[in-house]
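Trainee: sequence below, structure please.
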Amino acid sequence: MDRDMQISSIISFVDSNRESMASKMVCAKVLGQKNERINDEIVRELHARLPRAKQEVIDDCFEIIK
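Mentor: Numbering: from 1, shown residues only. Below you'll find the predicted structure:
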């Protein structure tokens, strides 16, 4: 799967499953925020930062949500 599709899938998953452990793990990995409620601001920040992340981080996050 290409990078843009992975990023889109990760953001969509987190936005749709804000209370899940997988979403919290993704946010902790990308944003460094642990145990914080995922709200619109967190999703926007994830959307801004994820495209600048290293491919290995994106691959890890994609594995978490699958």
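Trainee: could you list the low-pLDDT ranges of the protein?
Mentor: For the chain, the stretches with pLDDT under 70 are 35.
Trainee: kindly recompute the last result at 80.
Mentor: By pLDDT under 80, the low-scoring segments of the chain are 33-36.
Trainee: not counting its neighbours along the chain, what's nearest the most centrally placed residue in the chain?
Mentor: Residue closest to the average C-alpha location in the chain (CA atoms, centre = their mean): residue 26, at 4.3 Å. Sequence neighbours aside, residue 61 is the residue nearest to residue 26 in space, at 4.7 Å (criterion: CB to CB, 6 or more residues apart in numbering). (C-beta placed from N, C-alpha, C; glycine too.)
Trainee: surely the one you found is in contact with residue 28?
Mentor: No - under the criterion of CB atoms under 8 Å, residue 61 is not in contact with residue 28, lying 10.2 Å apart.
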